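Student: what's the 3D shape of this:
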Amino acid sequence: MAQEFLAGPQQLLRTLNTRAVLDALDAADTPLSRAALAAATGLSRPTIAQALDALRERGAVREHEHTARDGSRGPNAHLYEIDPGLGYALGLQIGHTTLRAVVISTAGKEYGDRVAPRRRDNCSAAALATALADLAEQALDACGADRTRLGHAVLGVPALVATDRRTIRHGRALGDDPAALLAELTARLPVPFVLENDANLAALAEQRHGAGQGLDDFVLLRLGSGLGAGLVLGGRLHRGAAGGAGEAGYLPQPGLGVGEHVLPTPDGPPSPDLFARALAGERAALLPAMEYARRLSLVIASVCLLLEPQAVVVGGPVGHANQALLDLVGDQFARDAGPLHLRLLASPLPPDTAVLRGAAGLAREELRNRLYEQVCA
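Tutor: Have a look, this model is predicted:
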């Protein structure tokens, strides 16, 4: 709760009080009255009024009147909320088979979600950047966002991203020259870009909207054409010293050489219903399902031994809402690593949009922080 100090530099106090009001509005699900803002921040009514006036002048907050059911207007008739037009950001995703784009306002509303197939002929950085920029333009056109207020973009990629969030350390799925991708995109979409690993973004989406809500420490395992992990520790995304934390798909296992993927999928990822068929006794499904579950349980055991998270969330195209897979993995885990703590959860988030939602949420958060600093100064 903010404190209303009686002494100190007046400009600093005004900045702190204005930011407290803005943060309270941002955290609310509905518009707030001045009385509600006073209760949320601990600030006096005159201080609230001063902060609101400043924020309205700077285009950060808008006001609308609230009329009671009996038609009367009381002292709390005016409600305030973040102005959706304050700023916009882009969430973008390059997947193995699709490209996606969505616009998100500073207030958190998403618009103009667009998806397109990733063609085999756009393997060059220039062609891939052009296709993604076209999709972003379609999303912007669909929602009518003011392009002059477009201030940030986050691009999710199936690649290892360095801590500068602009360098791709490893990314065979990004075409023939992944290092050139950011420069090509910047030339086509003049907005500040950062890159982020797709599993990391899926973990952020899980934290905000999925099975990770309310958890300070959890690991998301994203199962699809391979295996990636997003680590949330102490309530924050953990990227590692060089950006490579979460490469769980290469954890050593008995019978595999160093650097071999623990869940190889030469013919593509397993069908999500493989595990239900195995549990139902289908012989053709039993062996591959059990082997997949065995290898995955060893990965989970390694993660639990090192981190002991509150939960391991299984998502992605193979893991989404797949209770049959979780049952098989749980049985394997109980046999091989029973003493370790394990809470296994299936992600409720659709795998085709989880990464994009994470990208949009992160883009909005970073744009919001920058804009809020400006309007509260």
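
Student: can you show me the helices along this structure?
Tutor: Using DSSP state H, the helices of the chain run over residues 10-27, 34-41, 45-57, 125-143, 181-188, 198-209, 274-279, 283-307, 316-319, 323-337, 354-376.

Student: lowest average confidence across the ones you listed, which one?
Tutor: With a mean of 86, helix 181-188 has the lowest mean pLDDT of those.

Student: what's the angle from that one to helix 125-143?
Tutor: 50 degrees (axes from the mean of the first three to the mean of the last three C-alpha atoms, to 10 degrees).

Student: picking that back up, buried deepest among the helices of the chain, which one?
Tutor: Across the helices of the chain, averaging neighbours per residue (mean count of other C-beta atoms under 10 Å) puts helix 198-209 on top, at a mean of 27. For the C-beta atoms, the positions are set from N, CA and C on the backbone; glycine is no exception.

Student: residues contacting it, please?
Tutor: Contacting residues not belonging to helix 198-209 are listed as 93, 95, 154, 156-158, 212-213, 215, 218-220, 222, 228-232, 237, 239, 246, 313, 315-316, 347, 349, 354-359, 361-362 [C-beta atoms under 8 Å, 6 or more residues apart in numbering].

Student: just the ones of those in strands?
Tutor: Among the contacts of helix 198-209, DSSP state E puts 93, 154, 156-157, 218-220, 222, 228-232, 237, 313, 315 in strands.

Student: ok, and the most crowded of those residues?
Tutor: residue 220 (35 neighbours; other C-beta atoms under 10 Å).

Student: wait, doesn't residue 84 sit right on residue 110?
Tutor: No - Residue 84 is beyond contact range of residue 110, at 11.2 Å (criterion: C-beta atoms under 8 Å).

Student: low pLDDT regions in the stretch 101-250 of the chain?
Tutor: In the predicted model, the stretch 101-250 of the chain carries pLDDT under 70 at residues 121-123, 175-176.

Student: how does it look with 90?
Tutor: 107-109, 111-112, 118-129, 143-147, 159, 166-187, 189-193, 225-226, 249-250 (pLDDT under 90).

Student: contacts for stretch 24-37, please.
Tutor: 21, 40-41, 43, 45, 48-49, 52, 61, 64, 66, 75-76, 78-82, 107, 368, 372.

Student: out of the ones in strands among the contacts of helix 198-209, which is nearest to residue 339?
Tutor: Nearest to residue 339 among the ones in strands among the contacts of helix 198-209 is residue 219, at 18.5 Å by C-beta to C-beta.

Student: spit out the contact partners of the closest one.
Tutor: 203, 229-232, 248, 303, 307, 309, 311-313.

Student: of all those, which two lie farthest apart?
Tutor: 248 and 311 (15.1 Å).

Student: who's more crowded, those two?
Tutor: Neighbour count, other C-beta under 10 Å: between residue 248 and residue 311, residue 248 has more, with 23 against 19.

Student: name the nearest residue to that one, ignoring sequence neighbours.
Tutor: Leaving aside its sequence neighbours, residue 248 sits nearest to residue 229 (C-beta to C-beta, 6 or more residues apart in numbering; 4.0 Å).

Student: for the one you found, give its distance to residue 206.
Tutor: Applying C-beta to C-beta, to the nearest Å, the value for residue 229 to residue 206 is 12 Å.

Student: quickly list what's touching both of the two.
Tutor: What both residue 229 and residue 206 touch, as defined by C-beta under 8 Å, 6+ apart, is the set residue 220.

Student: residue 185 touches residue 131, doesn't it?
Tutor: No - if you go by C-beta under 8 Å, residue 185 and residue 131 don't touch, sitting 10.5 Å apart.

Student: for residue 60, give me its contacts.
Tutor: Going by C-beta under 8 Å, 6+ apart, residue 60 touches 22, 82-83, 86, 371-372, 375.

Student: those: which two are farthest apart?
Tutor: So, those by C-beta to C-beta: farthest apart are 83 and 372, at 12.3 Å.

Student: circling back to that earlier point, the helices of the chain: which one's closest to residue 262?
Tutor: helix 283-307 (5.1 Å).

Student: the closest one versus strand 227-233: what angle between them?
Tutor: 30 degrees.

Student: residues in contact with helix 283-307?
Tutor: Counting by C-beta under 8 Å, 6+ apart, 217, 219, 221, 223, 227, 229, 231, 233, 248-249, 251, 253, 262-263, 270, 274-275, 277-278, 309, 312, 325, 328-329, 331-333, 336-337, 340-342, 344 sit against helix 283-307.

Student: how far is that helix from where the chain is centred?
Tutor: Mean C-alpha position of helix 283-307 versus that of the full chain (C-alpha atoms, centre = their mean, to the nearest Å) differs by 26 Å.

Student: give me the neighbour count for residue 120.
Tutor: Other residues close to residue 120 by other C-beta under 10 Å number 7.

Student: what of residue 211?
Tutor: 21.

Student: from here on, call the first residue 37.
Tutor: Got it, first residue is 37 now, which makes that one residue 247.

Student: wait, it touches residue 347, no?
Tutor: Yes - contact criterion C-beta under 8 Å: residue 247 and residue 347 qualify, at 7.0 Å.
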